[in-house]
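Visitor: Here you go, sequence then predicted model.
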Amino acid sequence: MRADASSRSAAGLAPAGRGPERSAPFRVYYLTHAGGTGAEFSRSVFSRGDIDLVGVRYPGRGGRRREPDAGSVDDLVTALLAELAPSGPFGFFGHSMGALLAYEMTRKLVAEDRESPRCLWLSACPAPQLPRPESPLAHLADADFLRAVAGRHGAVPQEVLDEPALAAVIVPPLRADYRRVEEYRFRPGPPVTGPVHVLYGRDDIVSMERLKAWGELTESEPTLHGFPGGHFYLNEHRAAVLQLIERTITF
């Protein structure tokens, strides 16, 4: 798993088998939404010096755009975990598709008897065992695809919709992410242990029923945290999200 080069903890991934060079901080690995680069929180820092934020880059976009896309959710989970060697306590904060990855990465770590996250923060993502009522988008032509994404999540700037050259850069990784989520199939397994926090925008299309259903997949009842705004509420409430993580972190 690669940290964003401009994030505070870009060097926060120790090589496997190598111990920490200093007292290990708690690392929060940020797993981004579909089409994201992992740089969304690159200038964000926690007020506490013993917590680091690590923005995760996915193959095929941002600084890794020359690498092949990882394929399915399972493929991406495997690829990211192959690069992950935390040197101390850590947690996963995933937004939208990133929350699904955080959940599946945690399940894989537990199944392989590896160190697992102390906390999970799952943002703007319905519980994956439920059917997805939204119609699939990944098969649409570029212009229709971007308009549909913008209408559903409000995440596509107007200049991208109006400029084919920009759209040509954005569509491939975004489509790949939508396809992997749409093709994802939930597999039952043991419940996730440890604290789980579900974050959401109060105006998002994800219903409370689908958010609360995370409790079916966790050993203890998740704590829900609502924020003003829609699917990308965290863009306007980044400081509040970081403060929430600080308050709820478990070392």
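Guide: On my side now, so go ahead. Numbering: from 1, shown residues only.

Visitor: any weak-confidence spans in the stretch 51-200 of the chain?
Guide: Applying pLDDT under 70 to the predicted model, the stretch 51-200 of the chain contains no residue that meets it.

Visitor: what about the helices in it?
Guide: Ranges of helices in the stretch 51-200 of the chain, per DSSP state H, counting those that start in this stretch, are 73-82, 97-111, 142-153, 158-162, 164-183.

Visitor: Show the contacting residues for Glu123.
Guide: No Glu there; residue 123 is Ser. Neighbour list for Ser123: 93-96, 98-99, 198-200, 234, 241 [criterion: C-beta atoms under 8 Å, 6 or more residues apart in numbering]. Placement of C-beta: from N, CA and C, glycine included.

Visitor: For it, list each beta-bridge partner.
Guide: Ser123 forms beta bridges with His95, Leu199, as assigned by DSSP bridges.

Visitor: Quick check, central residue of this protein?
Guide: For the chain, the residue whose C-alpha lies nearest the mean C-alpha position (C-alpha atoms, centre = their mean) is Gly98; its distance is 2.0 Å.

Visitor: ok, the spatially closest residue to that one that is not a sequence neighbour to Pro131 distance?
Guide: Counting by C-beta to C-beta, 6 or more residues apart in numbering, Leu31 is the residue found nearest to Gly98 once chain neighbours are left out, at 3.3 Å. According to C-beta to C-beta, to the nearest Å, Leu31 and Pro131 sit 23 Å apart.

Visitor: Ok, Phe227 next?
Guide: From Phe227 over to Pro131 the distance is 26 Å, taken as C-beta to C-beta.

Visitor: When these two are compared, which one has more neighbours?
Guide: Neighbour comparison, Phe227 and Pro131: the larger count goes to Phe227, with 20 against 8 (by other C-beta atoms under 10 Å).

Visitor: Model confidence for that one, exactly?
Guide: What the model reports as pLDDT for Phe227 is 97.

Visitor: so what's it closest to, chain neighbours aside?
Guide: Tyr233 (4.4 Å).

Visitor: quick one: contacts for the residue nearest to the centre of the chain?
Guide: Neighbouring residues of Gly98 by C-beta under 8 Å, 6+ apart: 30-33, 36, 56, 123, 125.

Visitor: neighbour-wise, which of those residues leads?
Guide: Leu31 (29 neighbours).

Visitor: residue contacts, that one?
Guide: For Leu31, the contact set (C-beta under 8 Å, 6+ apart) comprises 38, 56, 92-95, 97-99, 101-102, 105.

Visitor: Now flag whichever of those is closest to Trp214.
Guide: When the contacts of Leu31 are compared for distance to Trp214 (C-beta to C-beta), Ala99 wins out at 9.2 Å.

Visitor: so who does the closest residue in space to the closest one that isn't next to it in sequence touch?
Guide: Using C-beta to C-beta, 6+ apart and skipping residues adjacent in sequence, the residue nearest Ala99 is Cys125, 3.5 Å away. The neighbourhood of Cys125, defined by C-beta under 8 Å, 6+ apart, consists of 94-100, 206.
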